[in-house]
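Novice: Next input, structure requested:
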Amino acid sequence: AVSFPGVSKQVAFLRIPHILFFIGKHFGTGVILATAFIHLLSDAFESLQKQVVKEEYQNIGKWTGLIMYVYSMLRQLSNLPD
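Specialist: Okay, the predicted model is just below:
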């Protein structure tokens, strides 16, 4: 499955229309983002609700979801090819 995009460019009968490849690639990225977000969210809420964090950053707890979402988006953007 990993080598399919490279093979499909070389073999004519496996060639995928560009728009389908584009949509599939971005759908896969969305799945990865959603999975990372769900798996990291509970740990983030737990960590950001600790008393030490509340004392240092008064109302950060209510921003936990946004912080995790922005982090996961930046993480994915940092992995984009040049």
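
Novice: who's in contact with the residue positioned nearest the centre of the chain?
Specialist: Among the residues of the chain, the one closest to the centroid is Leu33, at 2.5 Å (Cα atoms, centre = their mean). Going by Cβ atoms under 8 Å, 6 or more residues apart in numbering, Leu33 touches 72-73, 76. Just so you know, the C-beta spots here come from the backbone N, C-alpha and C atoms, and that holds for glycine as well.

Novice: Neighbour count says what about those residues? Which are buried?
Specialist: Listed as buried from the contacts of Leu33 are Ser72; burial here means 16 or more other Cβ atoms under 10 Å.

Novice: Among the contacts of Leu33, name the ones in helices.
Specialist: For the contacts of Leu33, the ones inside helices are 72-73, 76, with DSSP state H as the criterion.

Novice: Nearest to Thr64, out of the residues you listed: which one, please.
Specialist: Ser72 (12.6 Å; Cβ to Cβ).

Novice: about what we covered before: take the contacts of Leu33 and lay them out in CSV including pLDDT and distance to Gln58.
Specialist: As requested, the contacts of Leu33 are exported to CSV (pLDDT from 0 to 100; distance: Cβ to Cβ, whole Å):
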residue, pLDDT, distance to Gln58
Ser72, 77, 24
Met73, 82, 25
Gln76, 76, 30
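
Novice: Go through the contacts of Leu33 and name the one nearest Lys25.
Specialist: Closest to Lys25, out of all of the contacts of Leu33 and judged by Cβ to Cβ, is Gln76, at 12.1 Å.
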